[in-house]
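Asks: Just to be clear, the model below is a prediction. Sequence and coordinates:
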Number of protein chains: 2
Amino acid sequence: MERAKVTSAEVAALAGVSQSAVSRVFTPGASASARTVERVRSAAEQLGYRPNVLARAMVSGKSRIIGLVVAYLDNQFYPVALERLSNALQEKGYHILIFTAPNSTDGVDKVMHDLMAYQVDGIILASVSISSDLADRAKDAGIPVVLFNRGQDDMGLSAITSTNRAGGRLAAEFLLAGEHKRIAHIAGWQGSSTGRDRQAGFLEALDKGRITPHALIDGMYDRDVAAACAQDLLGAKTRPDAIFVGNDHMAFAVMDTMRAAGISPGEDISVLGYDDVPLSSWGAYDLTTIRQPVNRMVDTAVDTMLTQIEQPETPPRQIEIDGQLIVRSSARIPEGWPQ
Amino acid sequence: MERAKVTSAEVAALAGVSQSAVSRVFTPGASASARTVERVRSAAEQLGYRPNVLARAMVSGKSRIIGLVVAYLDNQFYPVALERLSNALQEKGYHILIFTAPNSTDGVDKVMHDLMAYQVDGIILASVSISSDLADRAKDAGIPVVLFNRGQDDMGLSAITSTNRAGGRLAAEFLLAGEHKRIAHIAGWQGSSTGRDRQAGFLEALDKGRITPHALIDGMYDRDVAAACAQDLLGAKTRPDAIFVGNDHMAFAVMDTMRAAGISPGEDISVLGYDDVPLSSWGAYDLTTIRQPVNRMVDTAVDTMLTQIEQPETPPRQIEIDGQLIVRSSARIPEGWPQ
DNA sequence: CTGAAAGCGCTTACAG
DNA sequence: CTGAAAGCGCTTACAG
């Protein structure tokens, strides 16, 4: 209000140097005599001066802001990823501008426009896709785009995922080894690459084991939908003896539904999830699941983003981080299965 | 890269008008003839032009960016709040720049400096506190600060919380009505206002009921600490018959610990939480808890922030939103308790 | 090493 | 209504 914002000119006046000198003192790598540095620093300190990031961004063309489009914040996988992402980026001098996405491509496109108006240095899309039109636009503007936990082959965008197809296979193999006969799949949203890939791998391995899925339903990555599916499965004449669920949060809903019906997960029916969110290891669920190594995924995304920003000529990369089966008690453990 | 970013000058050239005219077309409330508007819009469309928000911010002094300092993202309360906050602000044309906070006042102060360098229009601190020095600095710079889910009386900052003291009282009264005799409290972090207030209200009501707490421990808002506390409580000669826990996430850890010891929450020992995060209503926990009305808290915070930005003379306000007891099955329900 | 000056992309009085 | 011009707070060649 009163003192308002302090500018480099005011600092210069107090320090008895030119405004350029002040700027140099705050520009890493610029040259200034020890004496200048000292006087400027002390004047800046006194006035509480910090360079205006926005003004710097205007002239340098670098805002040091990364736009993040995120959805599904109620799924523990994302807050955990967001936190690490923010920390990693903060460490490199970047910050995250948040956009919560409506889940349609349309909604995301609208948000992307906003994002670009903020002159962000890069855009990370967590679990959402965009139109190829927008992808081109970003490319034209020289703004790197990295997809996180979503693939989109054709668009020439960088994408960091885990090995979803292999994960789906792993799930099936584990269930097969456990000698389950009636294996159902409440799949992840089939409009998403993760949902499709996990299902594809799962069916592939089932097929190899000469087993037809007992049931195959799109759970839409929605707890309520998953619970309803589970209800149906349990109400049928023949029940499944195992259910592979497209992500952990849906699996929790499935387990809750089973217990409400007096059925014990892991004893009566095996349940397998996908993600390994922190909650999965809590006593109440103790869910056997395929882990998505969120930390490595985030680090890879950051790394990809940063090299893309610093070396604009780098071609986009699609990287898959290895998933991993985490054995707990929600699914029968095959005899002799390596602990 | 190639076409790079489009500027108003280019649009002006294509539309055959001055650069100022372009600016006016994109400035709500500015005057331009229908003909100008039409030509500019079409040229802008063709070029994919969007006004540079940063340049606009420089001249207007309004960045339309709100800095958010957040911690505890693993606690479901915060992602849920974050999502709603982002949506509400987005609707008003603002966006959130995220800062993940180290939990000390020092760490937060460092982050605040960064925040102010970004020329944010306002700062929301979720569950963290700052030094009075920084509070003054922000005030001097004319940047409104709103505390979310944390109070800090002396600093003259706006603060939105729920009625924590009354909530603590409610918890005790419910337990008292349920005729529990050995009531323990694993408290929220005593370094935080929420932890202190809940505990104070709780002890107050207990005292009124002429009951001495069976045990009183600082759970630090940490699941592991809470689990260890629970372990101790269960291992003692005399066990509590009820535990009021400082937040839901710690309560989940307590319930897990009890079950691992073969003790049934709600039957053998009553457990009460605080927050009512979505997870609390899931079958696995079905936790009786004091609800913090997160949506109303967020809306109030947004409202407070916005009026503070638009009318800088508005005095800071401390608002408490009413909490509410949500009765589920984790604690014995007193006879005749109003459903 | 240092200062004067141009320029980043806008908005906003100021004339017309 | 509309254009020319100043200015927001910086960085960065350019001379010295």
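Replies: In hand now; what should we look at? Numbering: from 1, shown residues only, chains lettered A, B, ... in the order given.

Asks: Would you mind naming what in chain A lies close to DNA strand C?
Replies: Residues of chain A found near DNA strand C (C-beta under 7 Å from any atom of the strand) are A:17-21, A:24, A:31-33, A:35-36, A:55, A:58-59. (Each C-beta comes from the backbone N, C-alpha and C, glycine too.)

Asks: Could you tell me which of these count as buried?
Replies: For the residues of chain A next to DNA strand C, a burial check counting by 16 or more other C-beta atoms under 10 Å in any protein chain shown picks out A:Val17, A:Ala21, A:Arg24, A:Ala32, A:Thr36, A:Ala55, A:Met58.

Asks: So is the helix or strand the last one falls within next to DNA strand D?
Replies: The secondary structure element spanning A:Met58 is helix A:53-60 (assigned by DSSP states H and E). Yes: figure legend: helix A:53-60 in contact with DNA strand D (C-beta under 7 Å from any atom of the strand); contacting residues A:Ala55, A:Arg56, A:Met58, A:Val59, A:Ser60.

Asks: Which of these sits closest to B:Val245?
Replies: B:Val245 has its nearest neighbour among these in A:Arg56, at 47.1 Å by C-beta to C-beta.

Asks: of all the residues in the stretch 201-339 of chain A, which ones are close to chain B?
Replies: The interface of the stretch 201-339 of chain A toward chain B, taken as C-beta under 8 Å from any C-beta of the partner chain, is made up of A:252-253, A:255-257, A:259-260, A:278-279, A:282-285, A:312.

Asks: and the residues you listed, which two are the farthest apart?
Replies: A:Ala260 and A:Pro312 (54.6 Å).

Asks: hey, where'd the strands end up in chain A?
Replies: Ranges of strands within chain A are A:65-70, A:95-100, A:122-126, A:145-148, A:158-162, A:183-187, A:215-218, A:242-245, A:270-275, A:288-291, A:318-321, A:324-326, based on DSSP state E.

Asks: quick one, which of these is nearest to B:Glu179?
Replies: Of all the strands of chain A, strand A:270-275 sits nearest to B:Glu179, with 38.5 Å by C-beta to C-beta.

Asks: Give me the distance from that closest one to the chain's centre.
Replies: Offset of strand A:270-275 from its chain centre (C-alpha atoms, centre = their mean, to the nearest Å): 19 Å.

Asks: Next, count neighbours for the closest residue to A:Glu179 other than its chain neighbours.
Replies: Using C-beta to C-beta, 6 or more residues apart in numbering or on different chains and skipping the chain neighbours, the partner closest in space to A:Glu179 is A:Pro334 (7.2 Å). Residues near A:Pro334, counting by other C-beta atoms under 10 Å in any protein chain shown, number 16.

Asks: Hmm, A:Glu173 and A:Pro334 touching each other?
Replies: No: judged on C-beta atoms under 8 Å, A:Pro334 makes no contact with A:Glu173 at a distance of 9.4 Å.

Asks: sorry, back to before: want to try JSON lines for the residues of helix A:53-60 next to DNA strand D, with pLDDT as columns?
Replies: As requested, the residues of helix A:53-60 next to DNA strand D are exported to JSON lines (pLDDT from 0 to 100):
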{"residue": "A:Ala55", "pLDDT": "94"}
{"residue": "A:Arg56", "pLDDT": "93"}
{"residue": "A:Met58", "pLDDT": "91"}
{"residue": "A:Val59", "pLDDT": "91"}
{"residue": "A:Ser60", "pLDDT": "89"}
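
Asks: Which of these lies at the shortest distance from A:Gly156?
Replies: Among the residues of helix A:53-60 next to DNA strand D, and counting by C-beta to C-beta, the member closest to A:Gly156 is A:Ser60, at 27.0 Å.

Asks: quick one: that closest one from B:Ala260, how far?
Replies: Applying C-beta to C-beta, to the nearest Å, the value for A:Ser60 to B:Ala260 is 56 Å.

Asks: Specify which residue of those two has the higher count of neighbours.
Replies: A count of neighbours by other C-beta under 10 Å puts B:Ala260 above the other of A:Ser60 and B:Ala260, at 13 against 10.

Asks: excluding its backbone neighbours, what's nearest the more buried one?
Replies: Once flanking residues are discounted, B:Ala260 sits nearest to A:Gly283: 5.8 Å by C-beta to C-beta, 6+ apart.
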